[in-house]
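Participant: what would the 3D arrangement of this be:
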Amino acid sequence: MNDLKFPIDFKFNVTTLANDFTATDASGKTIAYVRQKMFKLKEAITIYGNEDKSVVNYKIAADSWIDFSAAYNFTDARGKEIGKIARKGFASIWKAKYEVIDQNKKLQYHIREDNAWVKFFDSLLGQIPILSMFTGYFFNPSYTVSDLKGQGIARLKKEPSFFGRKFQLEKLKPMDNDDDERIVLSFMMMILLERRKG
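Facilitator: Here you go, the predicted structure:
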């Protein structure tokens, strides 16, 4: 994922049994097809170059068994570690909180949910028949990644859609190509975790 053109759209497939989505850039070009292996005790995510799954570009794997505070390691096609995202355990019960860690195991960015009430009402009303069909149009949580100085770098926002299947990632300020890659991978893993929670 080099020279990414923002915004990037994530669109979940609702016709497959797997938890999977396609990522496209501002030009409409597919930059990744993300597929989560089902029924695994440890999270296992494969990121392909496109939907035909002919080329594996990245893998994401949990560093422990199913765990509330697990970290998820990113490796490229050669198996080289390029960073990780770590969920902040109990701190994420009400409002999602994650840390982005670089390839040298140093904390680089924070990801925070912007408004926990949005997700709360989305999840609550999503349990009610008929109403659940429309919550995706009214309650759309967003998540901001910020640097260690608290400056926003990028934001992922759920787009109005049935079944909560569309998300858009926009860049708020310039960043290095290596950081682009790590931040996009972090949001890919985070959205799989958050979407599963409701």
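Participant: just after the helix-or-strand element of the chain with minimal mean pLDDT, pick out the following helix or strand.
Facilitator: For the chain, using mean pLDDT, DSSP states H and E, the weakest element among its helices and strands is helix 135-138, scoring a mean of 56. Where DSSP states H and E defines the elements, the next helix or strand beyond helix 135-138 is strand 142-146.
Participant: contacting residues around residue 82?
Facilitator: 58, 74, 75, 76, 103, 178, 181, 182, 185 (CB atoms under 8 Å, 6 or more residues apart in numbering). C-beta: built from backbone N, CA, C; applies to glycine.
Participant: in PyMOL, how would I select the buried members of these?
Facilitator: Buried members of these, defined by 16 or more other CB atoms under 10 Å, are picked up in PyMOL with:
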select buried, resi 58+74+75+181+182+185
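Participant: which residue in the contacts of residue 82 has the weakest pLDDT?
Facilitator: Across the contacts of residue 82, the bottom pLDDT score, 76, is held by residue 178.
Participant: how much space separates that residue from residue 34?
Facilitator: Counting by CB to CB, to the nearest Å, the gap from residue 178 to residue 34 is 20 Å.
Participant: residue 174 too?
Facilitator: 25 Å.
Participant: those two: who's more crowded?
Facilitator: Legend: neighbour count by other CB atoms under 10 Å for residue 174 and residue 34, higher for residue 34 (23 against 8).
Participant: just the ones of the contacts of residue 82 in strands?
Facilitator: 58, 74, 75, 76 (DSSP state E).
Participant: and which of these is nearest to residue 150?
Facilitator: When the ones in strands among the contacts of residue 82 are ranked by distance to residue 150 (CB to CB), residue 74 comes first, at 24.1 Å.
Participant: where does the protein dip in pLDDT?
Facilitator: Applying pLDDT under 70 to the chain flags residues 16-17, 39-42, 64-69, 89-94, 116-139, 162-164, 196-198.
Participant: how about the helices in it?
Facilitator: For the chain, the helices defined by DSSP state H occupy 116-125, 135-138, 177-197.
Participant: looking at it, residue 5 is touching residue 28, isn't it?
Facilitator: No: contact criterion CB atoms under 8 Å: residue 5 and residue 28 do not qualify, at 9.8 Å.
Participant: tell me which of those two has more neighbours.
Facilitator: Each of residue 5 and residue 28 has its neighbours counted (other CB under 10 Å); residue 5 has more, 13 against 8.
Participant: residues contacting the more buried one?
Facilitator: 25, 26, 27, 29.
Participant: give me the distance between the closest residue to the third one other than its chain neighbours and residue 24.
Facilitator: The shortest distance from residue 27 to any residue other than its chain neighbours is 5.8 Å, reached at residue 5 (CB to CB, 6 or more residues apart in numbering). Here residue 5 is placed at a distance of 10 Å from residue 24 (CB to CB).
Participant: which residues do those two both contact?
Facilitator: By CB under 8 Å, 6+ apart, no residue touches both residue 5 and residue 24.
Participant: who does residue 30 bridge with?
Facilitator: For residue 30, the beta-bridge partners under DSSP bridges are residue 24.
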